[in-house]
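>>> Pasting the sequence and the predicted model now:
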Amino acid sequence: MGQDDVELVSEAFGLLDSDRYEEVLPLVAEGFEMVTTSEVASEPDTYRGRAGVRRWFESFLEAMDSVQVEARRLHPAGRGLVIAEFVIRARGQRSGIEAEQAAIALVTVVDGQLLRLEFFTGLDRARAAARAGSS
């Protein structure tokens with residue numbers, strides 16, 4: 001099951017760019033939740049369900065010409081848990097300036113769909129959360 005979860009997360013991250021992000025929605029569970037905290041986001045918020053994923057991505061597109069999310073490393077972290085080390089790349093609409101931000105998330109997978117993304121400021125924190133969640 002762990003490798004299937006990693007493959008699902010890899011597929012989902014591969015779809016997160018300006019032109020294809022709608023394609024990730026079938027991989028998102030109805031009860032999906034993603035919370036961005038002030039530690040990792042300039043505008044903390046909670047995003048729920050497929051509409052939340054769409055809202056999160058479209059918030060980038062209000063100011064950015066292009067956005068791409070790339071998984072750099074994916075680690076199985078217990079039953080239904082995957083730690084994703086990834087980068088978000090974007091280019092400003094007006095300025096054309098390109099920016100990149102590294103991030104870490106603990107992804108919960110249930111029944112072949114993404115159920116939760118929880119962001120962390122460090123890999124050790126994500127691993128500790130995974131250990132706590134898989135006990």
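Happy to help now that I have it. Note that the structure is a prediction, hence the values are computed from the model and not measured.
>>> mean confidence for whichever strand or helix holds Thr46?
In this assignment (DSSP states H and E), Thr46 forms part of strand 45-48. Averaging pLDDT along strand 45-48 gives 93.
>>> ditto for stretch 22-32
Here the average pLDDT along stretch 22-32 is 94.
>>> So what touches it?
8, 11-12, 15-16, 47-50, 52-54, 110-111, 113-116 (Cβ atoms under 8 Å, 6 or more residues apart in numbering). Where C-beta positions appear, they are placed from N, C-alpha and C, glycine not excepted.
>>> Can you name the next helix or strand after the strand holding Thr46?
Toward the C-terminus, strand 45-48 is succeeded by helix 49-61 as the next helix or strand (DSSP H and E).
>>> Report the distance from that following helix to the chain centre.
11 Å (Cα atoms, centre = their mean, to the nearest Å).
>>> and it, what other elements does it pack with?
For helix 49-61, the packing partners by 3 or more Cβ pairs under 8 Å, 6 or more residues apart in numbering; DSSP states H and E come out as strand 28-36, strand 45-48, strand 64-76.
>>> Distance to Phe120 and mean neighbour count added to those strands, as TSV?
Shown next, in TSV, are these (distance: least, Cβ to Cβ, whole Å; neighbours: other Cβ atoms under 10 Å):
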stretch	distance to Phe120	mean neighbour count
strand 28-36	11	17
strand 45-48	16	14
strand 64-76	12	17
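>>> Show me the one of those strands that comes nearest Leu123.
Nearest of the helices and strands packed on helix 49-61 to Leu123, taken as Cβ to Cβ: strand 64-76 at 8.5 Å.
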